[in-house]
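Participant: Sequence plus predicted model, see below.
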Amino acid sequence: MNPTIATHSAIATPTWPFYGLLISLIALLVGLFFAALCMGSVPLSLQSVWHALIASTPLESESNILWQLRLPRSLLAMLVGIHFALAGLILQAVIRNPLADPSILGVNGGASLAIVLCLLVVDYIQLQVLNLSDATFDFVWLPAVALLGGVLATGLVLKLSWRQQLQPNQLALNGVAIGAVLNALVMWAILAWGGNRTETSLIWLAGSLYGRDFSQLYLLLPWTFVGVVGCFLLLKHLSILQLDSEVAQTLGLNVKRWRLISLFIAVALAASATAVTGPLGFVGLIVPHFAKVLLNRFGLGASLLHLMVVCILSGATLTLAADIASRTLISPLEIPTGTLTTLLGIPILLLLIRRQS
């Protein structure tokens, strides 16, 4: 790739076809958002939803369903989709591997193990050491704990792959191996020491938005703001990082520094989302490729600016649609959202591996 073309691809000016694509995606997302507010075990009409949103004296039952359950859950689903989509886009750009996503590089496994161990240790201290009958935990620390676990897991994968010059296949193999070990440790810790947290931990590990409210939404918002702003500030550097290291260095880029910064932002996005909803499998893998297909269909180039914006909207749309399906397919029971995204992602992963080989 020509360095001038690579740099230009990060800052390409939006065109009318791009605006048309954005309008289509926004319209789809808005439609799904209102569908998420209306659909569920207790159906609500669009008129009653709108009345509960804007009326000064809404009906109590409908208002409770909307404000305490469906509204925060739908907003949180969109935020989590944005997190995983941008994390996958950064990892695929930096590592130059179309199969890269947070789960393949061990981020989800590391974050999950860190959170489970944190919860178990807190429970043990409060119940056994402090003799507190009703153990509580300040969930505001969970994203930081998940971030530490994700960083450590990613660092281990990078260390194992360093001698092979971070070759894509080697990174994928090491990441899958480390992720499998971490997931096994998570299940062993839950089953051996889970106690009262066993059922909750298993539901969380499946990737679920059940029972989420505005407290989790407020917890994730600062991470979303920092992560999204960081992604747009990285546009030019990400474009150059897609080149060979030697070429990037001739352009004056400190490859090692910006690669680590980019990976840190990707891990922070994925780990903070994992802390709130659990791992939603393959969202970070699917969305960047889906965004590229959309851009190609609209006759647009592979500009990182275009790709990042489309990933934001596509990630929010995918997870919101998966959440709607998870709570309506077998209503009043629920399917974990992560189960649906994984079932969708596995055939796409196999297709990508076949195309790459």
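Facilitator: Noted; the coordinates are in hand.
Participant: Could you pull up the contacting residues of Ala93?
Facilitator: Each residue near Ala93 by C-beta atoms under 8 Å, 6 or more residues apart in numbering is listed here: 238-239, 241-242, 262, 304. (Each C-beta comes from the backbone N, C-alpha and C, glycine too.)
Participant: ok, now with 6 Å
Facilitator: Contact analysis of Ala93 by C-beta atoms under 6 Å, 6 or more residues apart in numbering lists 238, 242.
Participant: Walk me through the regions of the stretch 151-300 of the chain where pLDDT falls short of the threshold, as ranges.
Facilitator: 165-168, 194-197, 200 (pLDDT under 70).
Participant: Spatially central residue in this protein, please.
Facilitator: The centre of the chain sits closest to Phe84, judged by C-alpha atoms, centre = their mean, with a distance of 2.0 Å.
Participant: who's in contact with Ala85?
Facilitator: Contacts of Ala85 by C-beta under 6 Å, 6+ apart are 287, 311, 315.
Participant: host element of Ser215?
Facilitator: Using DSSP states H and E, Ser215 sits within helix 214-233.
Participant: For the residue nearest to the centre of the chain, what are phi and psi?
Facilitator: Note on Phe84: backbone dihedrals following degrees, to the nearest 10 are phi -70, psi -40.
Participant: follow-up on the earlier one: what is the helix holding Ser215 packed up against?
Facilitator: Here helix 214-233 touches helix 71-95, helix 255-277, going by 3 or more C-beta pairs under 6 Å, 6 or more residues apart in numbering; DSSP states H and E.
Participant: and Glu60, which of the ones you listed is closest to it?
Facilitator: With C-beta to C-beta as the criterion, Glu60 lies closest to helix 71-95 of the helices and strands packed on helix 214-233, at 15.4 Å.
Participant: Buried residues, that closest one. List them.
Facilitator: Neighbour counts over helix 71-95 (16 or more other C-beta atoms under 10 Å) mark 71-95 as buried.
Participant: and if you look at stretch 23-35?
Facilitator: Neighbour-count burial for stretch 23-35 [16+ other C-beta under 10 Å]: 25, 29, 32-33, 35.
Participant: Repeat that for stretch 46-53.
Facilitator: For stretch 46-53, using 16+ other C-beta under 10 Å, the buried residues are 48-49, 51-52.
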